[in-house]
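**Q** no sequence on hand, only this structure:
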């Protein structure tokens, strides 16, 4: 494989690394794999980052900044819990689709290194903050009380997170392909009002 | 590791193999890994099966028999589409939880061998049959028509399939742990009537 001149920026190198992490799994990725995928030498990579764990940390940080950013938006902080929850659901879907590879990686890490364990802890924290909103909306009488809150949170995230399994931005814009807005709207409709007419 | 006497039946060997496939990924599993996990020699394994692909085929077959079996149940075949769809949803959740490792494996295979491609094709067929039920229920006026059927099917399966990410049978029966019935009922409630009160 021809070695190309290192014209990477931190962001463009991160993009390549995240693709390889998703393809091979983080554990299964070596610096050699990253060097091959990027088409630059390992020492060139070390010029940008200390190692693959730093790349993972940056990638996870990008996903988490997007997701936690949603919780800081005014519409996630003010008003009735049910409205805040709907806003968070819609925006979480939008962030997931906009930052697809980074969120995909976040959802797939399994906890063998400090960085992976930190990613999982932060993800649990995000889920927990959303579950607090659900709890409040149930207390307000706006959400059904006959499904346990932790289970309802899991099902809501099950629906949202499954988007990473099938959404491919390369197909966006083509006939029949759903846009980020349409998917977010569909998730809100199905999750809050159900499939039934 | 001490090698134990081969007291495996086809079913108990399959159980061990499926655990290893889920842990390491099917591609990442060698006969050596299987031999270590089972505590018997590779030639003992070859006494039971022709190789790892046969173990994969048997495991996937078990998951698919359970799932397609649901579609053959009387309540999945007779009556209004919406009622059939609710029955299929409930029973799919129950089969997923009863056959957890086998369905988990089915959901994770990626298509590098004939057996994996066959598994993916059969899984698509199952999803397609459920999506036909959705289409009919929309035509009957029982399901909302403002979410595209393919997208609605994906969100429904997103919710159902996500159960493999958190359900652990070892915790079943403990305080706070949901039973298979409770989870199936929660999925039907949320998917068809929504979280809203």
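**A** Sure thing, it's come through. Remember, predicted model here, so these are calculated numbers, not experimental data.

**Q** helix or strand: which one has residue A:160?
**A** For residue A:160, the host element (DSSP states H and E) is helix A:149-161.

**Q** is the strand or helix carrying residue A:84 in proximity to chain B?
**A** Element membership for residue A:84 (DSSP H and E) is helix A:81-98. Yes. Counting by C-beta under 8 Å from any C-beta of the partner chain, chain B has neighbours in helix A:81-98: residue A:82. No exception for glycine: its C-beta is placed from N, CA and C like everyone else's.

**Q** same question for stretch A:152-161.
**A** Yes. Counting by C-beta under 8 Å from any C-beta, contacts between stretch A:152-161 and chain B involve A:152, A:154-161.

**Q** show me how far that stretch is from its chain's centre.
**A** Computed by C-alpha atoms, centre = their mean, to the nearest Å, the chain-centroid distance of stretch A:152-161 equals 13 Å.

**Q** now do the helices in chain A.
**A** Along chain A, counting by DSSP state H, helices occupy A:10-24, A:31-38, A:42-48, A:52-72, A:74-77, A:81-98, A:100-108, A:114-139, A:149-161, A:163-166, A:180-188.

**Q** need the contact list for residue A:133.
**A** A:81, A:84-85, A:88 (C-beta atoms under 8 Å, 6 or more residues apart in numbering or on different chains).

**Q** thinking again about what came up before, how much does the helix holding residue A:84 deviate in direction from helix A:114-139?
**A** Going by axes from the mean of the first three to the mean of the last three C-alpha atoms, to 10 degrees, helix A:81-98 is angled at 150 degrees with respect to helix A:114-139.

**Q** okay, the helices of chain A in a markdown table with mean pLDDT and distance to residue A:194 next?
**A** Listed next are those as a markdown table, based on pLDDT from 0 to 100; distance: least, C-beta to C-beta, whole Å:
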| stretch | mean pLDDT | distance to residue A:194 |
| --- | --- | --- |
| helix A:10-24 | 94 | 33 |
| helix A:31-38 | 96 | 43 |
| helix A:42-48 | 93 | 48 |
| helix A:52-72 | 98 | 24 |
| helix A:74-77 | 98 | 23 |
| helix A:81-98 | 98 | 14 |
| helix A:100-108 | 97 | 25 |
| helix A:114-139 | 97 | 16 |
| helix A:149-161 | 97 | 12 |
| helix A:163-166 | 95 | 19 |
| helix A:180-188 | 95 | 12 |
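
**Q** distance-wise, check residue A:144 relative to residue B:94.
**A** Distance, residue A:144 to residue B:94, by C-beta to C-beta, to the nearest Å: 22 Å.

**Q** repeat that for residue A:171.
**A** Applying C-beta to C-beta to residue A:171 and residue B:94 gives a distance of 34 Å.

**Q** neighbour count winner among those two?
**A** Applying other C-beta atoms under 10 Å in any protein chain shown to residue A:171 and residue B:94 shows that residue B:94 carries more neighbours, namely 17 against 12.

**Q** and the helix holding residue A:84, what does it pack onto?
**A** helix A:52-72, helix A:74-77, helix A:114-139, helix A:149-161, helix A:163-166, helix A:180-188 (3 or more C-beta pairs under 8 Å, 6 or more residues apart in numbering or on different chains; DSSP states H and E).

**Q** pick the most deeply packed of these.
**A** helix A:149-161 (a mean of 22; mean count of other C-beta atoms under 10 Å in any protein chain shown).

**Q** what's the angle from that helix to helix A:114-139?
**A** Orientation check (the same axes, to 10 degrees): helix A:149-161 against helix A:114-139 gives 120 degrees.

**Q** helix A:149-161: how far from the chain's middle?
**A** On C-alpha atoms, centre = their mean, the centre of helix A:149-161 falls 15 Å from that of its chain.

**Q** try stretch A:168-184
**A** 17 Å.

**Q** residues near the residue nearest to residue A:24 when sequence neighbours are not counted, how many?
**A** Closest residue in space to residue A:24, ignoring its immediate chain neighbours: residue A:33 at 6.3 Å, by C-beta to C-beta, 6 or more residues apart in numbering or on different chains. Using other C-beta under 10 Å, residue A:33 has 16 neighbouring residues.

**Q** just residue A:111 next, same as before
**A** 12.

**Q** you'd agree it is up against residue A:120?
**A** Yes. Contact criterion C-beta atoms under 8 Å: residue A:111 and residue A:120 qualify, at 5.3 Å.

**Q** is any part of stretch A:167-180 close to chain B?
**A** Yes. Counting by C-beta under 8 Å from any C-beta, contacts between stretch A:167-180 and chain B involve residue A:178.

**Q** tell me which residues are up against stretch A:11-20.
**A** A:8, A:29, A:33-34, A:37-38, A:45, A:48-49, A:52, A:55, A:58-59, A:62, A:101-102, A:105.

**Q** mind redoing it with 7 Å?
**A** For stretch A:11-20, contacts defined as C-beta atoms under 7 Å, 6 or more residues apart in numbering or on different chains pick out A:29, A:33-34, A:37-38, A:48, A:55, A:58-59, A:101-102, A:105.
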